[in-house]
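# One predicted model, sequence on top.
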Amino acid sequence: MLTHFDAQGRAHMVDVSDKPSTARTAVAAGEVRMQPETLALVTEGRAGKGDVLGVARLAGIMAAKRTADLIPLCHPLPLTKVTLDLVADPALPGVRIEATVRTAGQTGVEMEALTAVSVAALTVYDMLKAAEKSMQIGNIRLLMKEGGKSGRYDAP
């Protein structure tokens, strides 16, 4: 059942007022693929706009905190932890991104984790687009969520 629609099929915000507050965690991941020469700008600290991974990390954290402002039916949540790991991976080649988000609340933080990864990836692109416009953002997905009535989910 799709919970964001009422009996008449209209979109609505889910009422979570009767749900117990529980510990919630979500982990999401994604990547930005680029040419090895572009990745070298990151790893060697030669990107014209500065610390690509550091700025993208901050952008992802800020985005997680603003998810309810971006996704119309998301509840605003008091996040207790947001971490982003951005790793330059020559085998990709590109940057791998993973976000972990936590809260104690009545609804999960999957959208916050996915938003953090998405905005961090967009920030990597923005900071490197002068060097390469053909970078590809992709493979954004939920890896794990736990807490709440549905329990734990681990991506296959």
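Perfect, thanks for sending it. Residues are numbered from 1 along each chain as shown.
# How about Ser118, nearest residue that isn't a chain neighbour?
Ile140 (5.9 Å; C-beta to C-beta, 6 or more residues apart in numbering). (C-beta placed from N, C-alpha, C; glycine too.)
# partners of the helix or strand containing that neighbour in the sheet?
Here Ile140, judged by DSSP states H and E, is contained in strand 136-146. With DSSP bridges as the test, strand 136-146 is paired with strand 22-33 (antiparallel), strand 153-154 (antiparallel).
# Return the set of buried residues in the first one.
Just to be clear, that refers to strand 22-33. Neighbour counts over strand 22-33 (16 or more other C-beta atoms under 10 Å) mark Arg24, Thr25, Ala26, Val27, Ala28, Ala29, Gly30, Glu31, Val32, Arg33 as buried.
# would you turn the strands paired with strand 136-146 into TSV with mean pLDDT and distance to Leu79?
Formatted as TSV, the strands paired with strand 136-146 follow (pLDDT from 0 to 100; distance: least, C-beta to C-beta, whole Å):
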stretch	mean pLDDT	distance to Leu79
strand 22-33	96	10
strand 153-154	96	19
